[in-house]
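Trainee: Build me a structure from this.
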Amino acid sequence: MTDSSLPRAARLLGLAGLIPTLAMVAAIALLPGWRDWAATAGLAYGAVIASFVGGAWWGLAARAETVDPRLLALSVVPSLTAWPALLAPPATGLLVLAVVFAALLPTDRRLVADGVAPGWWMSLRRPLSWGMSVLHLAGAALLVATAPAASLLP
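Mentor: Here you go, the predicted model:
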């Protein structure tokens, strides 16, 4: 398949997956009473999605005729980097996830180049990874910008 044949269902479901993170950013910006809850929920959702991407990579690697152990190892990295983000303060965790989502793209490109992922994979993954990265970065920035003055003191 080529980039132009991205299945419609994959596009729509993938874009729908951005909604919870977009809702987190909106809640942090517009609902001060829900700020901390929204950040925690958004952080958890982001970690789940990063792990989901790693699971997709594992599935793609496992279906190859010759399983590449390096690709299997790469497939656990999203979970192993997202998990500590859950243990960090929310603004830090969201920043970590912003970096994680941006860092997924080189492996996605490799999967396509090696013929492990379908040709349309980057048409799906590029906007989703950048969308999640930018939204997590926005969430982190909003948390810092809207933090009560007392919480910024040592």
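
Trainee: Met24: neighbour count?
Mentor: Met24 is flanked by 28 other residues according to other C-beta atoms under 10 Å. For the C-beta atoms, the positions are set from N, CA and C on the backbone; glycine is no exception.

Trainee: List the contacts of it.
Mentor: By C-beta atoms under 8 Å, 6 or more residues apart in numbering, Met24 lies in contact with 38-39, 41-42, 45, 135, 139.

Trainee: And the longest helix along the chain, what's buried?
Mentor: Looking across the chain with DSSP state H, the single longest helix is helix 35-62. The neighbour-count check on helix 35-62 (16 or more other C-beta atoms under 10 Å) flags 35, 38-39, 41-47, 49-51, 53-54, 56-58, 60-61 as buried.

Trainee: related to what we said a few turns ago, can I get the contacts of Met24 in TSV including distance to Val76 and pLDDT?
Mentor: Below are those laid out as TSV (distance: C-beta to C-beta, whole Å; pLDDT from 0 to 100):
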residue	distance to Val76	pLDDT
Ala38	29	97
Ala39	26	97
Ala41	24	97
Gly42	23	98
Tyr45	20	98
Leu135	24	98
Gly139	25	98
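
Trainee: Return the distance of Ala16 relative to Ala10.
Mentor: Distance of Ala16 to Ala10, computed by C-beta to C-beta, to the nearest Å: 11 Å.

Trainee: where does this protein dip in pLDDT?
Mentor: Along the chain, the model assigns pLDDT under 70 to residues 1-4, 149-154.

Trainee: And the helices in it?
Mentor: 8-16, 19-30, 35-62, 69-87, 90-103, 105-113, 121-145.

Trainee: Output the contacting helices and strands for the fifth one.
Mentor: So the one you mean is helix 90-103. Judged by 3 or more C-beta pairs under 8 Å, 6 or more residues apart in numbering; DSSP states H and E, helix 90-103 is in contact with helix 35-62, helix 69-87, helix 121-145.

Trainee: Just send those helices back as JSON lines, with distance to Ala23 too.
Mentor: Listed next are the helices and strands packed on helix 90-103 as JSON lines, based on distance: least, C-beta to C-beta, whole Å:
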{"stretch": "helix 35-62", "distance to Ala23": "8"}
{"stretch": "helix 69-87", "distance to Ala23": "19"}
{"stretch": "helix 121-145", "distance to Ala23": "10"}
